[in-house]
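Asks: Provided below are the primary sequence and the corresponding predicted coordinates.
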Amino acid sequence: MNKIIIPQSNTNDEYVFIIEWKMDNNVFVNKDDHVLSIETSKVVEEIYSENAGYLEKLFGINDKVKVGEVVAILNENKKNIKESIK
């Protein structure tokens, strides 16, 4: 299991907003795939996967997320995941 964590883009932001998920739950993500986009106070930033695995989203679009927070998990196998998080 690997985690996708919100990076510190600039020193002023404590929170960011998820504005786009590029993939659905349980889709296989390859290393270096563009997984989601976040909005900081200054820019929209693309977040890429550092590992491979099946995506399990923990937050939805427009959710406010703290910098350093885990927003998704990359599992080794598909899981029974609810699609309520978009």
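Replies: Nice, thanks for sending it over. These numbers come from a predicted model, not from an experiment.
Asks: Can you pull out the low-pLDDT segments for this protein?
Replies: 80-86 (pLDDT under 70).
Asks: Do you have the strands of it handy? List them.
Replies: 2-5, 15-21, 28-29, 34-39, 44-48, 53-57, 64-66, 70-75 (DSSP state E).
Asks: and these, which is most packed in?
Replies: strand 53-57 (a mean of 21; mean count of other C-beta atoms under 10 Å). Where C-beta positions appear, they are placed from N, C-alpha and C, glycine not excepted.
Asks: In the sheet, which strands lie alongside that one, parallel or antiparallel?
Replies: The pairing partners recorded for strand 53-57 under DSSP bridges are strand 28-29 (antiparallel), strand 70-75 (antiparallel).
Asks: With distance to Met1 as extra columns, can I get those strands in JSON lines?
Replies: Output for those, formatted as JSON lines (distance: least, C-beta to C-beta, whole Å):
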{"stretch": "strand 28-29", "distance to Met1": "13"}
{"stretch": "strand 70-75", "distance to Met1": "6"}
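Asks: of all those, which lies closest to Val43?
Replies: Closest of these to Val43 is strand 70-75, at 17.5 Å (criterion: C-beta to C-beta).
Asks: May I have the residues that are in contact with the closest residue to Phe59 other than its chain neighbours?
Replies: Distance criterion C-beta to C-beta, 6 or more residues apart in numbering; nearest residue to Phe59, sequence neighbours excluded, is Val71 at 5.1 Å. With contact taken as C-beta atoms under 8 Å, 6 or more residues apart in numbering, Val71 is in contact with 4-6, 18, 36, 57-59, 65.
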